[in-house]
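K.L.:
Pasting the sequence and the predicted coordinates here, then a few questions.
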Protein chains: 2
Amino acid sequence: MSDDMHDPLRDPGPVIAGDTGCESSGDGVPAGSVQRPTIRDIARAAGVSVSTVSHVLNEYGDISAETEHRVRQVMEQLNYYPSALARRLVAKRSYVLQLLLFAVEGLHHPFFYEVTCGITAEVEKAGYELVLSVKDTRDRRWRETLKRCYEAKVEGIMLMGTLPSAKVLAEVRASGIPAVMIDIPFEGPRVTYVTSDNIAGARRAAEHLISLGHRNIVYVDGYDLPDEHTPLPTISVARRIGYEEALRAHGIEFDPSLVCIGNYTQEGARSAVRAKLESRPDVTAVFAISDVMAFGAMKAVRDLGRRVPSDVAVMGFDDIEAASYVRPALTTIKQQGELMGRSAVCELLRIITNPKRSPKATVLPAELVVRESCGASRLSPRFA
Amino acid sequence: MSDDMHDPLRDPGPVIAGDTGCESSGDGVPAGSVQRPTIRDIARAAGVSVSTVSHVLNEYGDISAETEHRVRQVMEQLNYYPSALARRLVAKRSYVLQLLLFAVEGLHHPFFYEVTCGITAEVEKAGYELVLSVKDTRDRRWRETLKRCYEAKVEGIMLMGTLPSAKVLAEVRASGIPAVMIDIPFEGPRVTYVTSDNIAGARRAAEHLISLGHRNIVYVDGYDLPDEHTPLPTISVARRIGYEEALRAHGIEFDPSLVCIGNYTQEGARSAVRAKLESRPDVTAVFAISDVMAFGAMKAVRDLGRRVPSDVAVMGFDDIEAASYVRPALTTIKQQGELMGRSAVCELLRIITNPKRSPKATVLPAELVVRESCGASRLSPRFA
DNA sequence: ATTAGCGACTATATCGTTATAGAAACTCCT
DNA sequence: AGGAGTTTCTATAACGATATAGTCGCTAAT
């Protein structure tokens, strides 16, 4: 065990319990920061001009081996790192992509995390930086965040989650900054989106339930926008279409009273589903448009002393890790989160680099993953 | 439904399945980017000097109401946003904090996501930007990422996850950049850490099991460093200490053969625990140092046709969301992820702003959350 | 001998801001 | 009338890099 760790490990210092007690204004001086050498210092120390150093740095190839070696040596000695800030200023490029995630309350939607991982991987590979911003959907100050993007000359924006308003989309499009929306079908001259095939996914989900003999299927929707009137192109809308298509295709009439709102949270879904199950004893299946809400639905079923899947089948959407942990394991629609993130970045880079080409939307397959929570057919085996 | 969405929603365009087909080098021109107006354009249009515009921008208070109004109007009209790049260059500050996350393979550790959310919230509040970088632990090119931090003149670094080498810590400390390690007890002149009280947490976990009558408790450790010899101050080490302390306090001798490695993954833990249970039929409890591995342990128990908790009790560590979804619900040690992230940022900002003050480590409480996976006492009720 | 071409290097303007130090016009005081 | 002090505005040099357009020798071709 190293010297460094033993002490702090055994003598943990003050234990903080509640608040962070942090009210720093951010205006403080960055004092104490060591003055790093500049290109001028290198030039002086190596006895050459700044131009020469710059040429070495950028591998112009017109510097003699001897001089180059000397310059590199000095750089090493003085621990020199060229300032990205200055470089970006003259290049008129920021090399920054912004990921803006909107989420409610706990923000605990594991799917976003998967997407984010895909994004970082691809951003890094391309030599860009990713600035991450997580905002509460109910926070009205999203304009400030966009303002930051303009000031920072962000080269591309990715939007994900439950937007606070359709105005966000409009403003991003109007800004002219290349953007890729994640799971939000919205387009513009330099804007496009990456999404799972939500319609087909939801259709498959509903069809699976129908094929197992279910007719009265509760649909657990996500988030109800507070007081917004502009319709937002959400996954919620798309999945609803797929659900209704499947019903129609099988001659089942859509019953609006079977729809309830789970707010994308476990507890929200739990109480909504419980209420629905109590008022509609004829319901035999629940389709929640997120796995987390499906977990809530499973709890609701149990709250009423009924069993999953024998009494009520439960279907999710996302296929987050936890879907395979729960018991019964959740039957759900798999979204390829990581791939979605990667695709978003790739398309964004294409829009940035090639302004002629009109941006292309990407739709990733959403496939059924059968586990246990929907059980087997309630029809005769011949039908299943 | 808006015009924008109907089309793309119904006609999803090309469906991409596998690879992203993205090999962009990042060197492309950012072509087509609209030339945004500069402070000079504003000055010219308003008929004043750049200095005047700058003074308006920074609220010097020495500009007449009339002039100020005119300048602001022009800014509005021309859609002017001051370049953060240029500002930062003269201010010699980047206003950037870097979060560097190291993780293995899937990267799917929900706990990191909670911490990240806490971090973004606090970073935003302080008027900084957060650059996120996720690297695979096995990726040897971590120096490049640090080099980026130097070049970008990042003001503070946060490190989280399973580091690839103790050298990362040494280098960060040597760099002089303020840093806060998350769940890695490591200190330096401008470096400190935020951690859960891992020793106490693990002690509580083990004590809970012991109090329920368990004597032979398998300890599922996390990641085994590949070929590294410098000891790394990890949560793994700390939790092990707590586990052994509890044993000692209750007169149970520590048995090294009860330790196995789960690599922080579900499947890793599953096979490791299964093997251990097969060779040691006397084992009645498993303590995994992460919830995800505890899920794997639960599966292992079932693989062998045994039951949780009646045959084998399972204890986790983290209290991720899924811990309450699984059945039996997981008894575990709660880490306050979000608070941890917030605390890290706050301390980091303090180090940045106040170089005199020596950095202080923060230890957050880690409490036992009793659910179902450890069941009740196997001793007489009087002892439980 | 002149000129063209090449290799190795450099002076200087520039990127878009802020900081520093002043200038011009005006009021106020003696 | 002459300075001191305000108020309002401005010229210019930074910040740390790159881009552009040279310069200065030297060799090779005419």
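P.N.:
Right, received. Where do you want to start? Numbers count the residues shown, from 1 in each chain, chains lettered A, B, ... in the order given.
K.L.:
what sits against residue A:261?
P.N.:
Residue A:261 makes contacts with A:220-224, A:268, A:272, as judged by C-beta atoms under 8 Å, 6 or more residues apart in numbering or on different chains. (Each C-beta comes from the backbone N, C-alpha and C, glycine too.)
K.L.:
In CSV, list those residues along with pLDDT, distance to DNA strand D and secondary structure.
P.N.:
Formatted as CSV, the contacts of residue A:261 follow (pLDDT from 0 to 100; distance: C-beta to the nearest atom of the strand, whole Å; DSSP: H, G, I helix; E, B strand; the rest coil):
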residue, pLDDT, distance to DNA strand D, secondary structure
A:220, 97, 54, strand
A:221, 94, 52, strand
A:222, 87, 47, coil
A:223, 75, 45, coil
A:224, 64, 49, coil
A:268, 93, 51, helix
A:272, 97, 56, helix
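K.L.:
Same list, the residues you listed, but as a markdown table with neighbour count please.
P.N.:
Converted to a markdown table, the contacts of residue A:261 look like this (neighbours: other C-beta atoms under 10 Å in any protein chain shown):
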| residue | neighbour count |
| --- | --- |
| A:220 | 30 |
| A:221 | 23 |
| A:222 | 22 |
| A:223 | 21 |
| A:224 | 11 |
| A:268 | 22 |
| A:272 | 23 |
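K.L.:
May I see those arranged in CSV, with distance to residue A:102 as well?
P.N.:
Below are the contacts of residue A:261 laid out as CSV (distance: C-beta to C-beta, whole Å):
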residue, distance to residue A:102
A:220, 20
A:221, 17
A:222, 13
A:223, 10
A:224, 15
A:268, 17
A:272, 22
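K.L.:
Which of these sits closest to DNA strand C?
P.N.:
Nearest to DNA strand C among those is residue A:223, at 37.5 Å by C-beta to the nearest atom of the strand.
K.L.:
And the helices in the stretch 1-150 of chain A?
P.N.:
With DSSP state H, counting those that start in this stretch as the criterion, the stretch 1-150 of chain A has helices at A:3-10, A:39-46, A:50-57, A:65-78, A:84-91, A:110-125, A:142-151.
K.L.:
Flag the shaky bits of chain A, pLDDT-wise.
P.N.:
Scanning chain A for pLDDT under 70 picks out the ranges A:1-34, A:105-108, A:224-230, A:377-384.
K.L.:
Please repeat the previous calculation with a cut-off of 80.
P.N.:
For chain A, the stretches with pLDDT under 80 are A:1-34, A:104-110, A:223-231, A:376-384.
K.L.:
can you pull out the strands in it?
P.N.:
Using DSSP state E, the strands found in chain A span residues A:96-103, A:129-136, A:156-161, A:179-182, A:191-196, A:217-221, A:259-261, A:285-288, A:313-315, A:332-334, A:362-364, A:367-369.
K.L.:
highest average neighbour count across the helices of the stretch 1-150 of chain A?
P.N.:
Sort these by mean neighbour count, taking mean count of other C-beta atoms under 10 Å in any protein chain shown, and helix A:110-125 sits at the top with a mean of 24.
K.L.:
is chain B contacted by that helix?
P.N.:
Yes: legend: contact between helix A:110-125 and chain B by C-beta under 8 Å from any C-beta of the partner chain is shown at A:110, A:112-114, A:116-117, A:120-122, A:124.
K.L.:
Likewise for stretch A:243-260?
P.N.:
No: Stretch A:243-260 lies out of reach of chain B by C-beta under 8 Å from any C-beta, never closer than 11.0 Å.
K.L.:
Quick check: end-to-end length of that stretch?
P.N.:
14 Å (C-alpha to C-alpha, to the nearest Å).
K.L.:
repeat for stretch A:223-239
P.N.:
With C-alpha to C-alpha, one end of stretch A:223-239 sits 13 Å from the other.
K.L.:
With stretch A:207-218 instead?
P.N.:
Note: stretch A:207-218 ends 14 Å apart using C-alpha to C-alpha.
K.L.:
quick one: contacts of it?
P.N.:
Here stretch A:207-218 makes contact (C-beta under 8 Å, 6+ apart) with A:206, A:243, A:246-247, A:249-250, A:252, A:255, A:258-260, A:273, A:276-277, A:280, A:282-287, A:297, A:313, A:315, A:331, A:368, A:370, A:374-379, A:383-384.
K.L.:
swap in stretch A:42-61?
P.N.:
Under the criterion C-beta under 8 Å, 6+ apart, residues A:39-40, A:62-63, A:67-68, A:70-75, A:77-78, A:80, A:82 lie in contact with stretch A:42-61.
K.L.:
Also within reach of chain B: list those from these.
P.N.:
residue A:82.
K.L.:
now, among the contacts of stretch A:42-61, which is nearest to residue A:301?
P.N.:
residue A:82 (60.9 Å; C-beta to C-beta).
K.L.:
Relative to chain B, how far out is the residue in the stretch 151-300 of chain A that DNA strand D sits nearest to?
P.N.:
Nearest to DNA strand D, among the residues of the stretch 151-300 of chain A, is residue A:153, at 13.9 Å (C-beta to the nearest atom of the strand). Noted for residue A:153: a distance of 6 Å to chain B, by C-beta to the nearest C-beta, to the nearest Å.
K.L.:
how far does stretch A:370-378 sit from the chain's center?
P.N.:
Chain-centre distance of stretch A:370-378: 30 Å, with C-alpha atoms, centre = their mean, to the nearest Å.
K.L.:
Can you confirm whether it lies near chain B?
P.N.:
No: applying C-beta under 8 Å from any C-beta, one finds stretch A:370-378 separated from chain B by no less than 11.4 Å.
K.L.:
quick revisit: out of the strands of chain A, flag the one nearest DNA strand C.
P.N.:
Comparing these by C-beta to the nearest atom of the strand, strand A:96-103 comes nearest, at 15.2 Å.
K.L.:
orientation of that closest one relative to strand B:129-136 in degrees?
P.N.:
90 degrees (axes from the mean of the first three to the mean of the last three C-alpha atoms, to 10 degrees).
K.L.:
ok, residues contacting strand A:96-103?
P.N.:
With contacts defined as C-beta under 8 Å, 6+ apart, strand A:96-103 is touched by A:107, A:109, A:112, A:116, A:119, A:123, A:128-137, A:142, A:145, A:149, A:152-164, A:168, A:345, A:348, B:132.
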